[in-house]
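1. this is a predicted model, with the sequence first.
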Amino acid sequence: ADRLAGVINQFMWDPQRRFYFDLTLDGNRAPVKTIAGFWPLIAKVASRDQAAALAAELGNPQTFKRLHRVPTLAADEPGYTPAGGYWKGSVWAPTDTMVMRGLENYGYQTLAHEIALNHLDMVAQVFEKTGTIWENYAPDSAAPGKPARPDFAGWSAIGPILYLMEYAIGLRADAPRNTLAWSLTHGIQHGCEHYRFNGHVTSLVAK
């Protein structure tokens, strides 16, 4: 693992553009900036300085800070599609989760929380318009991605379940430690009835 981390930082990190890039078949860095550049955060491969650069990129409206965060392709790259285009800019719940969990590894909980609530809000807006959950979403409008399958409660259910419970309500379960932590961040009544984890069922309401 250490050897692989070294290879990633040696060959995939661009010190000028301050971002991780895929490699082409001939071993050169691919010039395209994609959401794959954030995998080193969740793998804990990036240094603190590299993590800071990646976090800053997530705050750049010209690349990854779009109306619906986080697009799979940076908005300033050729081929970026405002309506999604599948992997040409669409927002996917699994890749957003990868980015958020990676940020949390380096202490960027506030940014992870911001991205989660943005995604949850956009998914809710689209649900109100269409009555369903979609495979992926457009980065530059409150709309499903084009293309995207409807009634997709596979990975897209991460938003209305995980993001709602952990980031909007603030409940985070830790089954190995048999604990349930609750971050109270709202000034309104909120909570969850019949919350189930690790063989327990409980109801929690903060007034």
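-> Thanks, I have the structure now. Residues are numbered from 1 along each chain as shown.

2. state the number of residues packed around R196.
-> 10 (other CB atoms under 10 Å). Every C-beta, even on glycine, is put in place using the N, C-alpha and C of the backbone.

3. phi, psi of it?
-> Per-residue torsions, R196: phi -110, psi 130 (degrees, to the nearest 10).

4. what's near enough to touch the closest residue to G84 other than its chain neighbours?
-> Leaving aside its sequence neighbours, G84 sits nearest to G145 (CB to CB, 6 or more residues apart in numbering; 3.0 Å). Taking CB atoms under 8 Å, 6 or more residues apart in numbering as the criterion, G145 is in contact with 83-86, 90-91, 134-138.

5. can you do 6 Å?
-> By CB atoms under 6 Å, 6 or more residues apart in numbering, the contact set of G145 is 84, 90, 136-138.

6. any idea how far it is from D96?
-> For G145, the distance to D96 (CB to CB, to the nearest Å) stands at 13 Å.

7. M12 versus the residue nearest to G84, what's the distance?
-> Between G145 and M12 the distance, using CB to CB, works out to 27 Å.

8. returning to what we had before: S183: which of the contacts of G145 is nearest?
-> Distance to S183 across these (CB to CB) is lowest for Y137, with 26.0 Å.

9. partner residues bridging the closest one?
-> Counting by DSSP bridges, Y137 forms beta bridges with V91, P144.

10. count of neighbours near it?
-> 29.

11. kindly provide the whole-number mean pLDDT of the lengthiest helix in the chain.
-> The helix that spans the most residues within the chain, counting by DSSP state H, is helix 109-130. The average pLDDT within helix 109-130 is 97.

12. which outside residues touch it?
-> Outside of helix 109-130, the residues within contact range by CB under 6 Å, 6+ apart are 55, 68-69, 96, 100, 103-104, 142, 159, 163, 167.

13. between G145 and D96, which contacts overlap?
-> Common contact partners of G145 and D96 (CB under 6 Å, 6+ apart): none.

14. for V91, what are its contacts?
-> Neighbour list for V91: 68, 71, 137, 139 [criterion: CB under 6 Å, 6+ apart].

15. quick check: the farthest pair among those residues?
-> Farthest pair in the contacts of V91 (CB to CB) is P71 and Y137. Separation: 9.5 Å.

16. tell me how far P176 lies from N198.
-> 9 Å.

17. who's more crowded, the two?
-> Under the criterion of other CB under 10 Å, the comparison of P176 against N198 puts N198 first, with 12 against 6.

18. what does the pLDDT read for that one?
-> The model's pLDDT for N198 equals 86.

19. can you show me the helices along the chain?
-> Remark: helices assigned in the chain by DSSP H are 2-11, 39-42, 48-58, 93-105, 109-130, 158.

20. tell me the pLDDT of the nearest residue to Y195 once chain neighbours are set aside.
-> Nearest residue to Y195, sequence neighbours excluded (CB to CB, 6+ apart): T202, at 5.6 Å. pLDDT for T202: 90.

21. how about low-confidence regions in this structure?
-> Along the chain, the model assigns pLDDT under 70 to no residue.

22. most centrally placed residue in it?
-> By CA atoms, centre = their mean, the chain has its centre lying nearest to D96, at 1.7 Å.

23. and that one, how far from G6?
-> From D96 over to G6 (counting by CB to CB), the distance is 28 Å.
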